[in-house]
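>>> Quick one, what's the 3D model for this:
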Amino acid sequence: YRIGLNLHPYGLESRLQRAISLPPGASVNIQRVRAMNFPQALFWFKATFAGDQKEEEILPIGIDLHYLREVRHLEFPLASNRLCQEPEAHLPEAPHASLRAGCRIARRQVAPTATSLANTRRREWASRVEKQTARMSGYYAELRREADEQAARTADPARLALRRQAIDREERLRIAELRQKSAVRVLVKLASLMVVQQPKLLISTAIFDKNRLVGRLEIVWDPLSEVIEA
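I've put the predicted structure just below:
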């Protein structure tokens, strides 16, 4: 539970009026304000990049289960001195999607980051492989030159042809192995999960146009960032 939040903000109605854009003559009236817990699902994915070497990265992401959208500032719900196993007040939970649905969104959001990291490593590893390939090609070119010199001394064209075929075959094999190792394989797994219940204010409002009710709107006030949520 996220604790230490002000659930009685000063001037809430005036802040609401400034946050909502209405046509001339229209107004918004607060009908009801309820403090509720809004679950924030925080996921830590471990991305493993395997090729000629193995590297790992932790990719954190938070999903607001009420909206099923990404939490932009993870440092807000994760402030260590503001988390507690017990709530300050027992509040009802706001309507929200399942944890499974949140995980699907989180995986979808993390995928581009993992892809970008994989591409960066692929370029780095491919550059190293090209340098190794160049050195290896130089090595086998030297072997061919030595084979030519030996064949010239022995005057045995058949033996030279067999030797060159063996060198070419070994060079192709070694270079293919190098290029195979430079390919990046990515595995992303869920490493850890935490659900933080964050109190917010669910505000039920009525929209009037020239004293005529034209609609109702539910708005969420986030006391953590002190803003009306989009």
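
>>> Give me the local confidence score for L178.
The model reports L178 with a pLDDT of 68.

>>> and what of T154?
68.

>>> P157 too?
pLDDT, P157: 69.

>>> same question, the one 3 residues further on
The confidence metric pLDDT takes the value 71 at L160.

>>> any idea which element it lies in?
helix 157-182 (DSSP states H and E).

>>> Run the chain-centre distance for that helix.
43 Å (CA atoms, centre = their mean, to the nearest Å).

>>> Who does the helix or strand following it pair with, and is each partner parallel or antiparallel?
With elements assigned by DSSP H and E, the helix or strand that comes after helix 157-182 is strand 185-209. In the sheet, strand 185-209 lines up against strand 26-50 (antiparallel), strand 212-222 (antiparallel) (DSSP bridges).

>>> Most tightly packed of the ones you listed?
Mean neighbour count (mean count of other CB atoms under 10 Å) peaks for strand 26-50 among these, with a mean of 17. Every residue, glycine included, has its C-beta placed from N, CA and C.

>>> P39 and Q165, how far apart?
Here P39 is placed at a distance of 68 Å from Q165 (CB to CB, to the nearest Å).

>>> Revised request: answer the last question for I20.
I20 is 80 Å from Q165, by CB to CB.

>>> If you count surrounding residues, which of these two has more?
Between I20 and Q165, counting by other CB atoms under 10 Å, I20 is the more crowded of the two (15 against 10).
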